[in-house]
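Trainee: Provided below for reference: sequence and predicted model.
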Amino acid sequence: MKNFLSLIIFLNFLNFTKAQVTTPQTYIAYQTYDSLTIDGKADENEWSKVPFTSRFIDIEGDKIPPYSTKVKMLYDQKYFYLYAELEEQHIWANLHQRDTVIFYNNDFEIFIDPTGDTHNYYEFEINALNTVWDLLITKPYREPAPIIDSWDIQGLKSAVQINGTLNDGTDLDKSWSVEIAIPWQVLEEAAATKGVPTEQFWRVNFSRVNWDYELTDGKYDRKKDENGNYLPEYNWVWSPQGVINMHEPEKWGYVYFSPKYAGQNDTFEIPKTEEIKWYLYKLYRDINSKKISLDKLSQNPKDYEMLWEEKTLVPRVEKHWAGYNIIIENPNGKEDFVIQQDGKFLSISK
């Protein structure tokens, strides 16, 4: 019987890992000796010393997009630098006003969660005209909360380079590139600690929204079906979400800010305890989607045990007047990992 129960626990864990789709992507951001000129070209020697991310994949993780998208990252004591290359045969954009809905054009998007608790994260979008939309999201859309649309990245630098001709439907283009510098002074506002996060990792993801197009009197627009409705967009990302939803920050990639400089080598592995956090978020999402009930989890916690590093971890539920907490003790015995009823993650020392 004991072996049978162990098998059930193991199979439950396999189902969990399958539901994650894939382990999040990782990237090591190195320091740069020199400040960078933000012109969209990334032709400084420092950029040549660091690798691109893996090529973007469909947001659900099961399709290879027809056009390549990839990103590089660097940082210094003032800025977090990002450079993206986006292959595209028809480069077009018609949105000029800042903080309009940029993803109604083909765009490039950045998502940054400094604390990894899925709350108070940044979203940045840019089109081929270098029109930007920046906003602060207090909670993912799955939880009712304000979206701070009027928030701006003070001191932002951005530039776009077109390898082709913008808004010209008579030829085929090759690509467009984006270069961005975001001041740490702004990013630290939602971070756990102030200053440059050297030797820390942040949760980061990138998205590219791409639309089928149509030309009317030589002007580009999103393509419509026979009923006049816009066709759905394509969503291509760095670290797959498993669902068509960028706003599940617990699935984003990991960017480690190395103390070493571009051209040097460093290593980074996702801490094993992050797997416990992923499991807590799975329980939270399953409760929200009513795949499991909070009462069942509370009354029969052993049905939701997690096999981790040859240890069996049992979640427990605390109900209170404002909601609930789901808790798994860190096997080191020094802290509890907690998901609150609104999805916020906490690590509470004992």
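Mentor: On my side now, so go ahead. Since the structure is predicted, the reported quantities are computational estimates derived from the model, not experimental observations.
Trainee: I'd guessed Pro51 sits against Val71; true?
Mentor: No: between Pro51 and Val71 there is no contact under C-beta atoms under 8 Å: 10.2 Å. Where C-beta positions appear, they are placed from N, C-alpha and C, glycine not excepted.
Trainee: looking at those two, which is more packed in?
Mentor: Ranked by neighbour count (other C-beta atoms under 10 Å), Pro51 and Val71 place Val71 first, with 22 against 11.
Trainee: so how far is Leu95 from that one?
Mentor: Going from Val71 to Leu95 by C-beta to C-beta, to the nearest Å gives 22 Å.
Trainee: also Asp58?
Mentor: From Asp58 across to Leu95, the span is 24 Å (C-beta to C-beta).
Trainee: kindly report the same for Glu189.
Mentor: Separation of Glu189 from Leu95 (C-beta to C-beta): 27 Å.
Trainee: these two: who's more crowded?
Mentor: A count of neighbours by other C-beta under 10 Å puts Leu95 above the other of Glu189 and Leu95, at 18 against 13.
Trainee: in a strand, the more buried one, correct?
Mentor: No: using DSSP: H, G, I helix; E, B strand; the rest coil, the assignment for Leu95 is coil, not a strand.
Trainee: and it, backbone torsions?
Mentor: In terms of degrees, to the nearest 10, the main-chain angles of Leu95 are phi -100, psi 120.
Trainee: my guess is it contacts Ala128. True?
Mentor: No: if you go by C-beta under 8 Å, Leu95 and Ala128 don't touch, sitting 9.8 Å apart.
Trainee: need the helices for the stretch 151-300 of the chain, in chain order.
Mentor: Here the stretch 151-300 of the chain has its helices, by DSSP state H, counting those that start in this stretch, at 184-187, 274-288, 294-299.
Trainee: ranking those by burial, who's on top?
Mentor: With neighbours defined as mean count of other C-beta atoms under 10 Å, the helices of the stretch 151-300 of the chain peak in mean count at helix 274-288, which reaches a mean of 19.
Trainee: kindly export it (C-alpha atoms) in PDB.
Mentor: Provided in PDB are the C-alpha atoms of helix 274-288 (Å, rounded to 0.1, in the frame of the first residue of the first chain):
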ATOM      1  CA  GLU A 274      11.300  27.500  -7.300                       C
ATOM      2  CA  GLU A 275       9.600  24.200  -8.200                       C
ATOM      3  CA  ILE A 276       7.700  24.400  -4.900                       C
ATOM      4  CA  LYS A 277       6.600  27.900  -5.800                       C
ATOM      5  CA  TRP A 278       5.400  26.700  -9.300                       C
ATOM      6  CA  TYR A 279       3.400  24.000  -7.600                       C
ATOM      7  CA  LEU A 280       1.700  26.400  -5.200                       C
ATOM      8  CA  TYR A 281       0.700  28.500  -8.200                       C
ATOM      9  CA  LYS A 282      -0.700  25.500  -9.900                       C
ATOM     10  CA  LEU A 283      -2.900  24.900  -6.900                       C
ATOM     11  CA  TYR A 284      -3.900  28.500  -6.800                       C
ATOM     12  CA  ARG A 285      -4.800  28.500 -10.600                       C
ATOM     13  CA  ASP A 286      -6.700  25.200 -10.200                       C
ATOM     14  CA  ILE A 287      -8.800  26.700  -7.300                       C
ATOM     15  CA  ASN A 288      -9.500  29.800  -9.400                       C
END
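Trainee: that one packs against which elements?
Mentor: helix 2-19, helix 294-299, strand 306-308, strand 323-329, strand 335-340, strand 345-349 (3 or more C-beta pairs under 8 Å, 6 or more residues apart in numbering; DSSP states H and E).
Trainee: hmm, try it at 10 Å
Mentor: helix 2-19, helix 294-299, strand 306-308, strand 311-313, strand 323-329, strand 335-340, strand 345-349 (3 or more C-beta pairs under 10 Å, 6 or more residues apart in numbering; DSSP states H and E).
Trainee: where among these is average confidence lowest?
Mentor: Of all those, the minimum mean pLDDT falls on helix 2-19 (a mean of 44).
Trainee: what is the subsequent helix or strand relative to that helix?
Mentor: As assigned by DSSP states H and E, the chain's next helix or strand after helix 2-19 is strand 26-31.
Trainee: so what are the sheet partners of that next one and their directions?
Mentor: Applying DSSP bridges, strand 26-31 is found paired with strand 69-75 (parallel), strand 253-261 (parallel).
Trainee: right, I'll call it a day here.
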